[in-house]
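> Quick one: sequence plus predicted model below, questions after.
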Amino acid sequence: MKPKRPNQAESPVEPQTDEFWDLRLYVTGRSPKSRMVLSKLEATCERYLVGRYRITVIDLLSHPHRAKADQILATPTVVRALPMPMRTLIGNLSDTENVLSGLDMLSAG
């Protein structure tokens, strides 16, 4: 019997660069859903971008003008401001592979 090989999303990526990641998480309020999304994003960053990221949480209930200024159409939304090019991911972030692909984190390692 062959040993089970972990898929790419299960294996931590060894950093090949010290490139810094600036992420912005747009939420509406401090709901359990917002806290869960932040927790998922932090866990993914801790696994794949250890020590090379910053997450800024922007609550659109407190700062509604940011939605239009930053072109946010739905929440939760994560914007990768750095490294360029900018990327946007909308959704609850429960699918790690989707987050890795959507924010292009696999190329970070």
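Perfect, I can see it now.
> For the rest of this, base every contact and every neighbour count on C-alpha atoms.
Will do.
> helix or strand right after the biggest helix by length in the chain?
Criterion DSSP state H: the longest helix present in the chain is helix 32-48. Sequence order places strand 53-59 as the next helix or strand after helix 32-48, per DSSP states H and E.
> And the pLDDT for the residue positioned nearest the centre of the chain?
With distances taken as CA atoms, centre = their mean, residue 41 lies nearest the centre of the chain, 4.8 Å away. According to the prediction, residue 41 has pLDDT 95.
> pretty sure it is touching residue 94, no?
No - using CA atoms under 8 Å, residue 41 makes no contact with residue 94, being 9.0 Å away.
> Okay, now the unreliable bits of this structure?
1-17, 108-109 (pLDDT under 70).
> can you rerun that using 50?
Applying pLDDT under 50 to the chain flags residues 1-16.
> At which residues are the strands of it located?
21-27, 53-59, 77-82, 87-90 (DSSP state E).
> Many thanks, I have nothing further to ask.
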